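Engineer: Fold the stuff below for me.
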Amino acid sequence: MDAIRTKSGSSEHLKNASSGSVLSYNHLTYEVKSKKGTTKKLVDDVSVNIRAGELLAIMGPSGAGKSTLLDLMAFRKTMSEGGSTSLNSKPIDADSMHKISTFVEQEDALLGVLTVRESVAYALRFHLPLLLRRKVNERVDRVLTALGLQSCAHQQIGTPISRGISGGQKRRVTAACAMVTFPRILLLDEVTSGLDSTSAREVISAIRTLAVAEGMIVLATIHQPSLETLAQFTNAMFLAEGRVCFSGRVTELEEFFERWGRPVPRFNTPAEHAMNFLNNDFGSTEGSSSSVEQFRQFYLSDSFTSSTKSESNSSLHEKEVFITTPKERGLEVGKSGAMGTLFWNTVVLSERSAKNYSRNLLAYGVRAGMYAGMGLMLATIWIRLGDSDSTINDRLSVHFYSVAFLAFMSVAGIPGFLEERAVYYRESKNGLYSTLPFVLSNTFVNIPFLFMCTLVFSLICYWAIGLHPGGSAFFRFLAFLFLAILTAESQVLVIASLLPIFVAALAISAL
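Structural biologist: The predicted model follows:
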């Protein structure tokens with residue numbers, strides 16, 4: 001247990017960092033209705049205070065409500081009546097929270113053709129579009145070094161046909177994209193999943209270092225951390241059945257179990273020891289419902305919580321007078337106004353989409369080849385029709401199948417769009433940009449690509465088939481096909497937006 005005392009004992013650094021904001025959650029509750037009409041509380045009356053520079057580890061068995069609680073804290077779910085959130089004793093709403101916080105989800109959503117450095121740099125450029133490139137590179141280097149990603153900084157994330165970085169490295173890249181903006185509040189959902197114990201410890205250590213240096217508030221759900229990983233956190237919370245069974249300093253865990261008369265065994269960690277009592281999935285004596293209730297009741301007893309509650313309240317009172325603003329922390333450098341943000345976000349998104357198009361051979365290179373192949377096929381079927389009246393039906397068939405084939409092949413754009421859609425949802429939820437820049441950039445980059453595909457198809461088949469030799473007729477044919485494929489592409493993107501499942505979107509788009 002010395003590791004916990006050693007790591008958490010660096011109180012001088014934490015005092016410097018925690019002389020800023022205090023985030024308070026009071027009586028958070030979340031209920032859902034079952035099919036039978038009854039209600040079930042997934043989160044039941046959770047309250048906690050976290051200061052700047054502190055890291056809160058939210059732990060508990062599967063189904064305890066950890067991710068749901070984190071969603072409530074991030075305003076991604078609507079809490080039941082009676083719950084409240086405040087920053088420095090001032091209530092904050094969903095809009096305010098989204099502006100000052102960043103959420104790292106369990107699933108990684110990254111563009112496979114971008115390098116690690118590019119992925120992190122774009123996240124920063126969305127947040128601070130006017131920041132000098134030199135400053136962008138400096139901050140990106142700092143975060144990559146902290147998370148141990150310098151060795152793979154210029155390696156692509158990876159696509160189905162091109163192997164990239166490992167799953168653990170992807171997890172760290174996702175964390176880096178969130179941390180590079182230096183948010184006031186950082187929420188991490190299973191950020192160490194897929195990492196070995198050493199990597200998990202180093203990642204949490206890097207997050208702790210940045211949190212202390214920048215005065216960030218960090219809330220993280222985590223499964224079974226090692227002793228050294230747990231030591232990186234300042235506070236811990238255990239949940240079971242949606243209720244708090246422990247909330248306090250990490251250094252108090254061992255004392256808690258000793259007071260309860262169930263000391264942590266020699267070769268166990270406090271987190272593992274707690275799980276023995278909180279996990280009742282397998283019906284063991286230790287993990288029964290009665291042990292969960294005993295755990296919770298002892299935590300709620302005055303014999304343990306009186307001292308910690310008074311300390312928490314006094315700390316909160318001391319910190320209420322000190323409020324840091326984004327301007328004081330230098331976060332307004334590189335910001336732009338509303339219209340400027342729209343413009344620069346569209347520019348940066350267009351740049352990233354163009355890079356994605358140019359590198360993604362599977363989604364776009366093969367698709368361009370399909371249009372060329374279709375042009376060759378039609379040219380060989382109706383080669384040199386001639387000008388006689390008997391070829392009128394053949395000419396009508398050429399026009400019909402040209403439109404039909406090109407429009408149908410728009411479904412080939414679904415995989416690439418779904419990848420971008422997943423990234424859009426992650427980034428837009430974190431407030432990096434809105435829907436309009438995403439739609440505009442997608443349109444600006446898509447139009448030239450579709451036009452080039454239509455032009456290649458027309459150049460291959462138009463003259464070989466022997467359609468009207470005049471230039472004006474050719475450009476009418478080209479414009480007609482381009483408008484048709486643009487309409488089909490728009491329809492496919494709408495369907496893919498509504499149905500983010502490839503097979504379902506493909507089936508409906510093909511109708």
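Engineer: Model confidence score at F444, please.
Structural biologist: The model reports F444 with a pLDDT of 93.
Engineer: pretty sure it is in a helix, no?
Structural biologist: Yes - applying DSSP: H, G, I helix; E, B strand; the rest coil, one finds F444 inside a helix.
Engineer: Please name the residues that touch it.
Structural biologist: T346, S350 (CB atoms under 8 Å, 6 or more residues apart in numbering). Where you see a C-beta, it was placed from the backbone N, CA and C, and this is true even at glycine.
Engineer: what's the span of stretch 424-433 from first residue to last?
Structural biologist: End-to-end span of stretch 424-433 (CA to CA, to the nearest Å): 9 Å.
Engineer: ok, residues contacting that stretch?
Structural biologist: Against stretch 424-433 from outside (CB under 8 Å, 6+ apart): 76, 98-99, 101-103, 105, 109, 123, 126-127, 178, 181, 341, 345, 349, 434-435, 438.
Engineer: cool, and stretch 122-130?
Structural biologist: 114, 131, 136, 139-140, 176-178, 180-181, 333-336, 340-341, 344-345, 347-349, 352, 427, 432-433.
Engineer: I only care about the residues you listed that end up buried; give me the ChimeraX line for that.
Structural biologist: Here is the ChimeraX command that selects the buried residues among the contacts of stretch 122-130 (16 or more other CB atoms under 10 Å):
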select :114,131,136,139,140,176,177,178,180,181,334,341,344,345,347,348,349,352,427,432,433
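Engineer: if you look at the contacts of stretch 122-130, which of them are in strands?
Structural biologist: For these, not one is inside strands, with DSSP state E as the criterion.
Engineer: Okay, and which of the contacts of stretch 122-130 map to helices?
Structural biologist: 136, 139-140, 176-178, 340-341, 344-345, 347-349, 352, 427 (DSSP state H).
Engineer: Most widely separated two among those residues?
Structural biologist: Taking CB to CB as the measure, the ones in helices among the contacts of stretch 122-130 span a maximum distance of 25.8 Å, between A176 and G340.
Engineer: any idea how far F451 is from V347?
Structural biologist: 21 Å (CB to CB, to the nearest Å).
Engineer: Okay, now the unreliable bits of the chain?
Structural biologist: 1-20, 281-289, 302-337, 362, 510-511 (pLDDT under 70).
Engineer: if we go to 50?
Structural biologist: The chain contains residues with pLDDT under 50 at 6-19, 285, 287, 302-303, 306, 310-331.
Engineer: so where do the strands sit in it?
Structural biologist: Going by DSSP E, the chain shows strands at 22-33, 39-51, 55-59, 84-87, 90-91, 101-104, 185-189, 217-221, 235-240, 243-249.
Engineer: For burial, what's the neighbour tally of the nearest residue in space to R296 that is not next to it in sequence?
Structural biologist: Leaving aside its chain neighbours, R296 sits nearest to C245 (4.6 Å; criterion: CB to CB, 6 or more residues apart in numbering). By other CB atoms under 10 Å, the residues close to C245 number 24.
Engineer: Ignoring the adjacent residues along the chain, who's closest to E489?
Structural biologist: E489's closest residue in space is S410 (CB to CB, 6+ apart), at 4.7 Å.
Engineer: Could I get the contacting residues of that neighbour?
Structural biologist: S410 neighbours (CB under 8 Å, 6+ apart): I485, A488, E489, Q491, V492, S509.
Engineer: go on, S197?
Structural biologist: Taking CB under 8 Å, 6+ apart as the test, what S197 contacts is S226, E228, T229.
Engineer: Which one (most neighbours) among these?
Structural biologist: T229 (26 neighbours).
Engineer: pretty sure it is touching A200, no?
Structural biologist: Yes - using CB atoms under 8 Å, T229 makes contact with A200 at a distance of 5.1 Å.
Engineer: Now do the shared contacts for these two.
Structural biologist: By CB under 8 Å, 6+ apart, the residues touching both T229 and A200 are T192.
Engineer: if we can go back for a sec, ok, of the contacts of stretch 424-433, which come out buried?
Structural biologist: By 16+ other CB under 10 Å, those give 76, 98, 101-103, 105, 109, 123, 126-127, 178, 181, 341, 345, 349, 438 as buried.
Engineer: Sort out which one of these lies nearest A363 for me.
Structural biologist: A109 (15.9 Å).
Engineer: Quickly note the distance from the closest one to A274.
Structural biologist: A109 is 32 Å from A274, by CB to CB.
Engineer: cool, and H223?
Structural biologist: Distance from H223 to A274, by CB to CB: 12 Å.
Engineer: Find residues that contact each of the two.
Structural biologist: M59.
Engineer: Please say which of these two ends up with more neighbours.
Structural biologist: A side-by-side neighbour count of H223 and A274, using other CB under 10 Å, places A274 first with 25 against 15.
Engineer: how close does the most centrally placed residue in the chain sit to V348?
Structural biologist: Nearest residue to the geometric centre of the chain (CA atoms, centre = their mean): R426, 3.8 Å. According to CB to CB, R426 stands 16 Å off from V348.
Engineer: Same question for S410.
Structural biologist: S410 is 26 Å from V348, by CB to CB.
Engineer: Same question for M452.
Structural biologist: 23 Å.
Engineer: Got the domain ranges for the chain?
Structural biologist: 2-20+49-72+107-319, 338-509 (automatic domain parsing).
Engineer: mind checking which of these is nearest V43?
Structural biologist: Taking these one by one with CB to CB, domain 2-20+49-72+107-319 is closest: 4.8 Å.
Engineer: Quick one: distance of that closest one to the chain centre.
Structural biologist: Centroid displacement of domain 2-20+49-72+107-319 relative to its chain, using CA atoms, centre = their mean, to the nearest Å, is 16 Å.
Engineer: Kindly report the same for stretch 478-489.
Structural biologist: On CA atoms, centre = their mean, the centre of stretch 478-489 falls 34 Å from the chain's centre.
Engineer: on that earlier part again, closest to A213 among the ones in helices among the contacts of stretch 122-130?
Structural biologist: R139 (12.2 Å).
Engineer: give me every residue that touches that closest one.
Structural biologist: Neighbours of R139 in contact, by CB under 8 Å, 6+ apart: L124, V180, F182.
Engineer: so where do the helices sit in the stretch 201-350 of the chain?
Structural biologist: Ranges of helices within the stretch 201-350 of the chain are 227-231, 253-260, 270-278, 289-300, 302-319, 338-359, based on DSSP state H, counting those that start in this stretch.
Engineer: Having no further points to raise, I will conclude here.
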